[in-house]
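> Okay, here's the prediction I keep looking at, along with the sequence it came from:
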Amino acid sequence: PTPVARAGESGEPTVIAHRGASAYAPENTLASIDKAAKLGFSWVENDVQRTKDGELVVIHDGSLERTTNVKELFPGRAPWKVKDFTAAEIARLDAGGWFSPAYAGTRVPTLEQYMRRVERNHEKLLLEIKNPELYPGIEQQTLKLLGNQGWLDQKHLGRLIVQSFSADSIRTVHELKPALTTAYLGRPSVTQLHQYARFTDLINPSYGSISKGYVCTVHSVEGAHGRPLGVFVWTVNDADTARKVKDYGVDGLITNKPDVVRAALEAG
Ligand code: G3P
Ligand code: CA
């Protein structure tokens with residue numbers, strides 16, 4: 001199954017809450033996907049990396065510095081890279097206090113915890129494999145965890161997309177599980193589009209890097225599952241941009257403010 005109706009088929013592009021509803025709750029936490037669900041959005045996006053001892057965790061930056069209190073707890077461990085900390089150490093960090101005192105005590109979720117919450121919330125996930133060059137084998141490990149939780153069963157495939165800025169990583173994911181929907185993050189040239197279309201279904205560029213003509217070009221190429229390649233753009237946080245990219249014909253908008261984007265799309 002292909003999870004994402006093309007915009008022309010559904011009438012409206014899909015709205016995806018970027019790192020959860022990250023304008024309103026700390027990014028990449030269970031609180032941020034709870035917030036997305038509360039606002040009425042089913043699609044959320046996250047970033048997956050790996051700890052020193054091999055646990056998959058949900059966090060955007062390669063360093064723990066910006067989104068946790070790691071400097072206070074581990075002052076001598078600069079530059080505080082995710083890959084240099086154990087899962088037990090990361091579990092001690094506060095990943096919410098930097099955002100607002102109201103979220104103090106929020107944790108960096110493991111991917112396992114995160115997926116259980118996605119399931120509990122009846123959500124759908126655009127999962128980004130972040131910095132895969134730092135984590136050899138992360139594609140196999142991620143799919144194994146997803147498979148163990150049933151996410152790769154036919155009936156759930158429509159709720160999951162795996163994306164990466166690394167074409168190699170996406171090719172690997174596609175080879176491991178050809179039925180899974182994949183997305184390449186970036187703005188490939190026309191030549192690259194035809195190459196990547198063998199292993200991806202979506203092209204997800206930044207909104208500032210594209211035009212209506214580019215979206216049209218992407219749509220003219222057949223993706224890995226025999227349908228036209230789709231386009232999800234990021235990170236659209238204001239009404240004017242939302243209306244503009246809707247006019248471009250994009251199939252999805254990835255946003256920190258899903259409520260703002262939805263209102264703009266409905267109005268426009
Ligand atoms: O989903 C698109 C977007 O997340 C890519 O950029 O840096 O926010 O992971 P970044
Ligand atoms: Ca991301």
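Looks like it arrived, so ask away. Ligands and ions are numbered 1, 2, ... in the order given.

> and stretch 58-69, which residues are buried?
By neighbour count on 16 or more other C-beta atoms under 10 Å, the buried set for stretch 58-69 is 58-61, 63-64, 67-69. C-beta coordinates here come from the backbone N, C-alpha and C atoms, glycine included.

> Please enumerate residues in contact with that stretch?
If you take C-beta atoms under 8 Å, 6 or more residues apart in numbering as the criterion, stretch 58-69 is touched by 19, 26-29, 46-49, 70-71, 79-83, 85, 90, 93-95, 97-99, 108-111, 114, 130-131, 134.

> what helix or strand does residue 49 sit in?
In this structure, residue 49 sits in strand 43-50 according to DSSP states H and E.

> next one: the next helix or strand after that strand to chain centre, how far?
Scanning forward in sequence from strand 43-50 by DSSP H and E, the next helix or strand is strand 56-58. For strand 56-58, the gap between its own C-alpha mean and the chain's C-alpha mean amounts to 13 Å (C-alpha atoms, centre = their mean, to the nearest Å).

> Over to stretch 26-44?
With C-alpha atoms, centre = their mean, you get 12 Å for stretch 26-44.

> how about that stretch, does it get close to ligand 2?
No - residues of stretch 26-44 contacting ligand 2 under C-beta under 5 Å from the ion: none, with a closest distance of 8.6 Å.

> could you give the mean pLDDT of that stretch?
Averaged across stretch 26-44, the pLDDT comes to 98.

> now the helices for this protein?
7-10, 30-38, 70-73, 87-91, 111-120, 138-148, 167-176, 190-196, 212-219, 239-248, 258-267 (DSSP state H).

> Only the buried residues of the fourth one, if you could.
Across helix 87-91, burial judged by 16+ other C-beta under 10 Å covers 87, 89-91.

> ok, back up a step: can you list the strands that the strand holding residue 49 pairs with?
Each strand paired with strand 43-50, and its direction, by DSSP bridges: strand 14-17 (parallel), strand 56-58 (antiparallel), strand 124-129 (parallel).

> wait, which of the ones you listed is closest to ligand 1?
Minimum separation from ligand 1 across the strands paired with strand 43-50 (C-beta to the nearest ligand atom) falls at strand 124-129, 5.6 Å.

> residues making contact with the closest one?
With contact meaning C-beta under 8 Å, 6+ apart, strand 124-129 is reached by 3, 16, 42-48, 115, 118, 138-139, 142, 158-164, 166, 169, 173, 183, 185, 232, 254.

> All good on my end, thank you.
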